[in-house]
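Engineer: Everything below, folded, please.
(chains A and B)
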Amino acid sequence: MNKSSRSVMTFKNGIHPVYHGKELSESAEIRTAPLLARYTVPLAQNAGKPPEVAVNAGDHVKKYQLIARASGFVSANLHSPVSGTIKGLIEVPGPMGVPAQAIEIIPDGLGEEEEPLPAMDWRTADPKALLERIAQCGLVGMGGASFPTHVKLSPPPDKKVDTLILNGAECEPFLTADHRLMLEDPESVLIGAAVMGRILGIGDRVFIGVEMNKIDAIHRLNEKAEEYGVKIIPLKVQYPQGSEKQLINAITGREVPAGGLPMDARCVVQNTGTAAAVTDAVLRGRPLVERVVTVTGSVVRTPGNWKLLIGTPVIEAVKLAGGVTEEPGKLILGGPMMGFAQKSFDVPVSKNTSGILLLPQDQAVNYRSGNCIRCGRCVQGCPMHLMPCAIAAAVESYRFDLAKKLHVMDCLECGACAYVCPAKRPLVQHNRRAKAEIRRQTAKK
Amino acid sequence: MLTTTLASVAVMGCLGLFLGLVIGFFAKLFKVASDSRGDLVTELLPGANCGGCAKAGCSDFAKSVVSGENPPGKCPVSSAEQVNAIARALGIDAGGGFKKRAVVRCGGDIHQVARRVNYNGVLDCVSAGLIAGGPKGCRYGCVGMGSCAAVCPFGAIEIVNNLAIVHPEICVGCGKCAAACPRGVIELVPIESTVHVYCNSPEKGPEKRKNCKVSCLGCRKCEKAFPEKFKVEGFLAHVRYDAEVLPTAGDVEAVKCPTGALLTASRHKEIETNDPEFSNE
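Structural biologist: As a prediction, this is how the structure comes out:
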């Protein structure tokens, strides 16, 4: 174990945001949302290939019915969140700023449900059958990258995996969805962890890393953890503790090699929300159609956590939270550090939407960036031990070859550098530019 | 004292003479035969090293002219007299018809296009494209952050009200801007052409209209009036640059484009740079 002399584990570098904003929603119980008049389920909700539409306009669908089929191995099934009529394929604002294709469904209010798949006894079932079930239910990583779960759980035979880590760090300020889930439904999280451990053939090294600001969740998980052979690891409150590579380093002391995957450090990392969805898929035979979302921000009247159906427009989620007290300055999907600012409230909730954050106008300040003063704070803050200041200087003079030499490809885009920069330089955007440019150049060759 | 000085001068002089002879001998021995015509052409070329001829630079282009690979007229920067001077010096045909000019096929400055987001990031078109495509509503038009102006070796592009404007009298058509533009808005057109469609959006008319007041709606008015000069593909009109007779300012008046997307290059520039209503911020 890493740094055994210290009681709480962590990684090197990283930052400590001054305002966590978690108090807004951390004591609000997860509530279910009433049925809405319209859902827009985005097609491309997973990393890799988007699934192929399996329904036609005018079709009647039941809740949990398959509406788009995975189009390859790195792809995920999509299921209807409600019973209703398919209105057709429309264009909705996507979370990344470019319009995305979505299936529009008008609920009929009948609440018809597809027959659940047979429940499985995870302790005795064949690991292959469990993996098959996870793929069938369209599970993707619910932390943000939305990589199909079944792909992550089937490492190539030459990669030995001996550790499964569940990410309950939730290091992003404001977000409390995972926290509430671990607190209210610890058993689902633990069973999901054990199921995934069984699929990977790991019995003894299944960990859940939880930051110390969720001490109540740690206690709740610890009550049952032993029963499922899972160890709960308290982690220091530090950003980005919940990043895959940092989490692996904090818990196992191993380092993922540059350009490598967690598998290269013999680890698989999954989100706690994904674990709960695994339990749903295996024990209840239910595909992934809903998730816990934090609707928060100081302009939201009643910030809290809701179980929202995939495809719920953000505007409806904000209405659920009582609307806003004043004109918001910025809408962000995800947390304030890595989330994406949105231009429209029509963007739908997808499988990886962990939070809907509304910042007031005075917090959404338009900074004017200045010149680098060479203070080195970004270097101290970078959890990947890069030099963001040097990379930015290279990008500004279009020297992408230099940026590559400075290992910009290992950047997580966590935003720690831009957060601490006293000159308010857009360091993450420069890194993203360099990464896109280098990928384009490599593809060309 | 005097003898010492004289001796030193004599020794140094003899040494210099000897080494000079050695250098002279080896220079003759290892002489690399070079075509003097290449140097001559390099001298006659403008020396802009812009790369518009698809060669590494002016001297590389000169070599290709001497070897007959390229006609001198392929240099986009040289004037007709300069090209003719090269052709006369080498006694070959000047060649022509390569002269191009860049056109930014977008008329949507910040006053014409719906403002979509409050962009607060790196002022570079490609970087803006990674976030949300910049502040403008149209996804196909000019981003207006000057990635093209930054690469232009001649300073022919000016950014006015978040829209790139090509100064036709400065532009030589080297094509660097077209390669730098992430949206592909910039097109190289024959230098004789004066009328262009200032829109690049393939979207349907009403969609475009929502975003931009000066977009081409695809109404086919121009195509109906002059089918040999304009064509409409999808919902976007194009000038037939390969037509025998290129459209003129008179044709623009005759067509009466309802949105004003069809314009002469000079009027386009005038609207953006001189209109007091839309003065440069």
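
Engineer: Find the centremost residue of chain B, please.
Structural biologist: Compute the mean C-alpha point of chain B, and by Cα atoms, centre = their mean the closest residue is B:Gly173, 3.3 Å away.

Engineer: can you pull the contacts of that one?
Structural biologist: By Cβ atoms under 8 Å, 6 or more residues apart in numbering or on different chains, the residues touching B:Gly173 are B:Gly52, B:Pro76, B:Lys99, B:Lys100, B:Arg101, B:Ala102, B:Leu188, B:Ile191. Heads up, the C-betas are built off the backbone N, CA and C, glycines and all.

Engineer: Helix, strand, or coil at the fifth one?
Structural biologist: Read that as B:Arg101. Under DSSP: H, G, I helix; E, B strand; the rest coil, B:Arg101 falls in the strand class.

Engineer: Please report the distance of it from chain A.
Structural biologist: For B:Arg101, the distance to chain A (Cβ to the nearest Cβ, to the nearest Å) stands at 25 Å.

Engineer: Would you check that that residue makes contact with B:Glu169?
Structural biologist: No - the criterion here is Cβ atoms under 8 Å, and B:Arg101 misses it with B:Glu169 at 9.7 Å.

Engineer: Please say which of these two ends up with more neighbours.
Structural biologist: Taking neighbours as other Cβ atoms under 10 Å in any protein chain shown, B:Arg101 and B:Glu169 compare with B:Arg101 leading, 23 against 9.

Engineer: Identify the bridge partners of the more buried one.
Structural biologist: B:Val189 (DSSP bridges).

Engineer: The strand or helix carrying A:Glu437 - contacts with which helices or strands?
Structural biologist: Here A:Glu437, judged by DSSP states H and E, is contained in helix A:427-444. Here helix A:427-444 is seen to pack against helix A:388-396, helix A:400-405, helix A:416-420, helix B:125-131 when contacts are counted using 3 or more Cβ pairs under 8 Å, 6 or more residues apart in numbering or on different chains; DSSP states H and E.

Engineer: Go ahead and name everything in contact with that helix.
Structural biologist: Applying Cβ under 8 Å, 6+ apart, the set of residues contacting helix A:427-444 is A:378, A:388-389, A:391-392, A:394-396, A:400, A:403-404, A:408-409, A:411, A:413, A:415, A:417-418, A:421, B:121-122, B:124, B:126-127, B:130-131.

Engineer: Make a PyMOL selection of the buried ones in the residues you listed.
Structural biologist: Selecting only the buried entries of these in PyMOL, with 16 or more other Cβ atoms under 10 Å in any protein chain shown as the criterion:
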select buried, (chain A and resi 378+388+389+391+392+394+395+400+403+404+408+409+411+413+415+417+418+421) or (chain B and resi 121+122+124+126+127+130+131)
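
Engineer: worst-scoring helix or strand of the chain, pLDDT-wise?
Structural biologist: Chain wasn't specified; assuming chain A. In chain A, the helix or strand scored least confidently by mean pLDDT, DSSP states H and E is strand A:340-342, which has a mean of 88.

Engineer: hm, I was asking about chain B
Structural biologist: Across the helices and strands of chain B, mean pLDDT, DSSP H and E gives its lowest value to helix B:265-274, namely a mean of 77.
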